[in-house]
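# Here's a sequence, model it:
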Amino acid sequence: MIKEEKENLRVAIESQHGGHAVLCQSVPVKEIYDGQTVWEGAVHVFDLAANAKATRAYAWSSPIEGSTKRRYFAVLHIGAIKSPADAVRAAIVAEHRAQKIK
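Numbers count the residues shown, from 1 in each chain. I've put the predicted structure just below:
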């Protein structure tokens with residue numbers, strides 16, 4: 001992972017959730033729904049200090065359609081979120097629900 005991407009992911013976690021994030025590993029995730037790949041990429045696992053809710057967070061980015069920019073996702077390791085794959089799944093579900101509301 002390039003240094004800039006690592007820094008952007010760290011900033012996304014810290015700005016959305018607080019605390020101090022330190023990258024500890026990257027995990028490949030492939031999320032399949034109804035026989036189709038809906039997301040595939042690396043989820044970066046961060047240790048999280050000074051956060052009241054969690055000691056771990058997951059972060060990744062995806063390109064924004066029609067743009068050269070990226071969207072950054074940061075999900076805490078709490079509740080039902082116990083792995084990088086759980087974090088991706090939760091983000092997909094949340095995004096799907098948000099699109100239905102529009």
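# where exactly do the helices run in the protein?
Here the chain has its helices, by DSSP state H, at 3-17, 84-101.
# which helices and strands sit right next to the last one?
Packing contacts for helix 84-101, counted by 3 or more C-beta pairs under 8 Å, 6 or more residues apart in numbering; DSSP states H and E, involve strand 20-33, strand 36-49, strand 56-63, strand 70-76. Any C-beta I mention is one placed from the backbone N, CA and C, and that applies to glycine too.
# Please enumerate residues in contact with it?
27, 29, 31, 33, 38-39, 43, 45, 58, 60, 73, 75, 77, 80-81 (C-beta atoms under 8 Å, 6 or more residues apart in numbering).
# At the geometric centre of this protein, which residue do we find?
residue 59 (3.1 Å; C-alpha atoms, centre = their mean).
# What spatial separation is found between that one and residue 36?
24 Å (C-beta to C-beta, to the nearest Å).
# ok, now residue 99?
17 Å.
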